[in-house]
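Turn this into a model:
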Amino acid sequence: MLRLRPAAERGHGRHGWLDSRHTFSFADYVDPRQMGFRALRVINEDRVQPGRGFGTHHHEDMEIITVVLEGALSHQDSLGNGATILPGEVQRMSAGTGIDHSEFNHASDAVVHFLQIWIVPERRGLAPAYEQRAFPLAKTGSELLLVASRDGRAGSVTVHQDVAIYAGRLAAGARVEHALSAGRHAWLQVARGAALVNGQRVAAGDGLAASDEARLAVTADTDCELLLFDLG
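Below is the predicted model of the structure:
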C-alpha cells in the first residue's frame, strides 16, 4: 500500500529569514492526520537567508538528522562541536538528556537549503552525541547509499532507532530497487527532481509512505535526489 504526501499540502512557515515546509505537524502547523510515520516524526525543508540562522535552542530525546542540499550550514552545540555541513554530508545529533545548539548561514549572498529530520529514539535518556560524515552521493548515479543506520554499518552515521536511511542522486532514467523485509515500512522523500515509485509519480517535496510492499522500484523521471527510510 502506497500513500502520497503531496508537497503542496505540507505546512508552511514564513518568517522572513526562514522559509520552512513541514511534511508532518511542527511548531504552529498541527494536523492530527500528519503526526509522523512510524518513528519518523519530522521532515522540514528549510531555506535560510544569508547572514541569518537559528539561535541557540534546546532539544531532548530526539535523533536529529540534517542533510544540506545547497549552500553551507554552520553548527555549534553545547558539547563543544563546531562544524560546517555541506552538500553530500550527513549530520546526526542525538539530543538525549539535553543539548543546546545553533545553526547559521554565514554566506553573504547565498541561501542555504536543507532537510532537517527528527526520529524518535528507541529509548529516552540517551547521552547526547554528535556525528558528521561525508558520502559520495555525486558518484552514486544509479544506486542508493546507506547514510544512517542503527548499527552504523558501512560507514553510516548511527541512529538510535530501528531505521536505515538511504540517499541517492539518480540520473534521469536510472532505476534502483529496495527490498523490504516482512513487517518493514518505508518512507521516500524527494528532495529534487521527480521519480516513479512502484508506478506512483513523486516530485520535489513529495513524500511517499509504503506498507505491505515487498519492494520499492524507483525510476528517475528526471535527474533527482531522494531519501529512503526503511523503518520497523
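
Spatially nearest residue to Glu143, not counting backbone neighbours?
Leaving aside its chain neighbours, Glu143 sits nearest to Val176 (5.8 Å; criterion: CB to CB, 6 or more residues apart in numbering). C-betas here are computed from N, CA, C, even on glycine.

what pairs with that neighbour across the strands?
Residues in a beta bridge with Val176, per DSSP bridges, are Val218.

Can you tell me, leaving aside adjacent residues, what's nearest to Ile65?
Nearest residue to Ile65, sequence neighbours excluded (CB to CB, 6+ apart): Ile117, at 4.1 Å.

Confirm that the one you found lies within a strand, as I assumed.
Yes. Counting by DSSP: H, G, I helix; E, B strand; the rest coil, Ile117 is found in a strand.

hang on, it packs against Glu45?
No. In this structure, Ile117 is not within contact of Glu45 by CB atoms under 8 Å, at 10.2 Å.

more neighbours, these two?
Ile117 (24 against 21; other CB atoms under 10 Å).

what's the pLDDT at that one?
pLDDT, Ile117: 98.

What of Ser142?
Listed pLDDT for Ser142 reads 76.

which non-adjacent residue is nearest it?
Nearest residue to Ser142, sequence neighbours excluded (CB to CB, 6+ apart): Ala174, at 4.0 Å.

buried stuff in stretch 116-127?
By 16 or more other CB atoms under 10 Å, the buried positions in stretch 116-127 come out as 116-121, 126.

any idea what sits nearest the residue lying farthest from the centre of the chain, other than its immediate chain neighbours?
Distance from the centre of the chain peaks at Ser108, with 25.6 Å (CA atoms, centre = their mean). Ranked by CB to CB, 6+ apart and with sequence neighbours excluded, the top spatial neighbour of Ser108 is Pro50, at 5.5 Å.

Could you tell me how many residues sit around that neighbour?
When neighbours are counted by other CB under 10 Å, Pro50 comes out with 15.

Validate this expectation: it resides in a helix.
No. Read with three-state DSSP, Pro50 is coil and lies in no helix.

so who does it touch?
Contacts for Pro50 (CB atoms under 8 Å, 6 or more residues apart in numbering) come out as 105, 107-111.

any idea how far it is from Val112?
Per CB to CB, to the nearest Å, Pro50 is found 8 Å from Val112.

Hmm, Gly16 and Arg47 touching each other?
No. Arg47 is beyond contact range of Gly16, at 11.6 Å (criterion: CB under 8 Å).

so where's the chain uncertain?
For the chain, the stretches flagged by pLDDT under 70 are 138-140.

bridging residues for the residue nearest the centre of it?
Residue closest to the mean C-alpha point of the chain, counted by CA atoms, centre = their mean, is Ile117 at 4.4 Å. Note on Ile117: beta-bridge partners by DSSP bridges are Ile43, Ile65.

What distance do you get for it to Gly16?
With the distance defined as CB to CB, Ile117 ends up 24 Å from Gly16.

just to revisit the earlier point, tabulate the buried residues of stretch 116-127 (JSON lines), appending distance to Ser94.
JSON lines is the format used below for these (distance: CB to CB, whole Å):
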{"residue": "Gln116", "distance to Ser94": "14"}
{"residue": "Ile117", "distance to Ser94": "13"}
{"residue": "Trp118", "distance to Ser94": "11"}
{"residue": "Ile119", "distance to Ser94": "10"}
{"residue": "Val120", "distance to Ser94": "12"}
{"residue": "Pro121", "distance to Ser94": "7"}
{"residue": "Leu126", "distance to Ser94": "6"}
